[in-house]
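>>> sequence and computational prediction follow.
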Amino acid sequence: MRPLRVFTWQVHGSYLYYLSHIRHELYVPVDPHRGPGYGGLGGPFPWPANVHEVPCEDVSRQQFDCVLFQSADHYLSDQHTLLSAEQRRLPSIYLEHDPPRKHPTDTRHVVADDQEALLVHVTQFNALMWDAGDADVRVIQHGVTIPSDVEYSGEIPRGIAVVNHLARRGRRLGADVLDRARRDVPIDLVGMAADEARGLFEVPHDTLPAFMSRYRFFFNPIRYTSLGLAVCEAMMVGIPIVGLATTEMVTAIENGVSGYVHTDPAVLIDHMRRLLRDPVEARALGQGARRTALERFGIERFADDWSRLFEEVCYRSRPPGEISRETPVGVVQ
């Protein structure tokens, strides 16, 4: 059976890159004059051959097997102008990257009343907090991969934090928490617009693991969001993790084994100070973080989970023999 053809949008570049490890084909719209999701295969990612750009004006003429939504705007609005009526009847999955913003427990998800859509969360915490009504809900945990030659050294006696647009996103992403910690502990911030929050610069995704590997510890100041891919990548490198005991972090980091989490920043500052003084403990915790990452965030498990889910969704709607072997026409490779 040929690979399935999945239409989606380029919403989170890092996530889409890891998703491209599936055994199926991904198609993303491209139009430089439109908003988020239409930039095509931009960014510093080594996109594999199973990811394709499709000009927006050609999307409605393509043959797809299912549609993967990743934002409310694309689900509520864009599908009605971008997709054909036949494409809108295809099996659909909504991938939710974040916990609810309007209210942490009482926000109803946009697909809660859509009996045809399957809702996928990236963490159990997100699934717990959203009101999904009677929707079919699944959780697929993150999967990451790093260059095989990257190893933790911890030679730089400083912490590293990775947050995009921290100054703009403020308290939710922990701008004040990071500022408080940096009064007592040397911590470098990298990410998009890092300089706006007294940080360094953006580090390209493909070089980020090696860049982080030289720092003594990874600090995650974020109060409320999904488990960041940068946290998973740092764990895979073997960097000890220090962060707030909120959201999915409490299940990813075990105190004294892979790092330290706590709701009191002052307690975390004490832990960070000790790691700066004790590189032996830092290395031991980093090894614990790497063991957890290998068990929980392996790219093979992630890709297989997604591949099997696409197959389930498509084949339950149409038996395998009814899914055409034809190649879609007009696709820009």
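Received, thanks. Residues are numbered from 1 along each chain as shown.

>>> make it CA atoms for all contacts and neighbour counts henceforth
Noted.

>>> quickly find the element holding the closest residue to Pro147 other than its chain neighbours.
Of all residues not flanking Pro147 in the chain, Pro209 sits nearest, at 7.7 Å (C-alpha to C-alpha, 6 or more residues apart in numbering). Assigned by DSSP states H and E, Pro209 belongs to helix 208-213.

>>> tell me the helices and strands packed up against that helix.
helix 229-237 (3 or more C-alpha pairs under 8 Å, 6 or more residues apart in numbering; DSSP states H and E).

>>> show the average pLDDT along the helix it packs on.
The average pLDDT for helix 229-237 rounds to 98.

>>> just checking, what packs against it?
Counting by 3+ C-alpha pairs under 8 Å, 6+ apart, the packing neighbours recorded for helix 229-237 are helix 208-213, strand 215-220, strand 241-244, helix 279-296.

>>> that one to helix 279-296, inter-axis angle?
110 degrees (axes from the mean of the first three to the mean of the last three C-alpha atoms, to 10 degrees).

>>> what does helix 229-237 contact?
The contact list for helix 229-237 (C-alpha atoms under 8 Å, 6 or more residues apart in numbering) reads 14-15, 142-146, 150-152, 162, 209, 212-213, 218, 220, 240-241, 286, 289-294, 297.

>>> go on, stretch 35-46?
9-11, 13-14, 17, 28-32, 47, 52-54, 204-206.

>>> now do 7 Å
With C-alpha atoms under 7 Å, 6 or more residues apart in numbering as the contact definition, stretch 35-46 has outside contacts at 9-11, 13, 17, 28-32, 53, 204-206.

>>> buried ones among these?
9-11, 13, 17, 28-31, 53, 205 (16 or more other C-alpha atoms under 10 Å).

>>> tabulate those (CSV), appending pLDDT, secondary structure and distance to Asp113.
Converted to CSV, the buried ones among the contacts of stretch 35-46 look like this (pLDDT from 0 to 100; DSSP: H, G, I helix; E, B strand; the rest coil; distance: C-alpha to C-alpha, whole Å):
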residue, pLDDT, secondary structure, distance to Asp113
Trp9, 96, coil, 22
Gln10, 94, strand, 25
Val11, 93, coil, 23
Gly13, 92, helix, 29
Tyr17, 97, helix, 30
Val28, 97, strand, 26
Pro29, 96, strand, 27
Val30, 95, strand, 30
Asp31, 91, coil, 31
Glu53, 96, strand, 31
His205, 93, coil, 37
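
>>> let me have those in TSV, extended by distance to Glu116.
TSV is the format used below for the buried ones among the contacts of stretch 35-46 (distance: C-alpha to C-alpha, whole Å):
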residue	distance to Glu116
Trp9	20
Gln10	23
Val11	22
Gly13	27
Tyr17	27
Val28	22
Pro29	23
Val30	27
Asp31	29
Glu53	26
His205	35
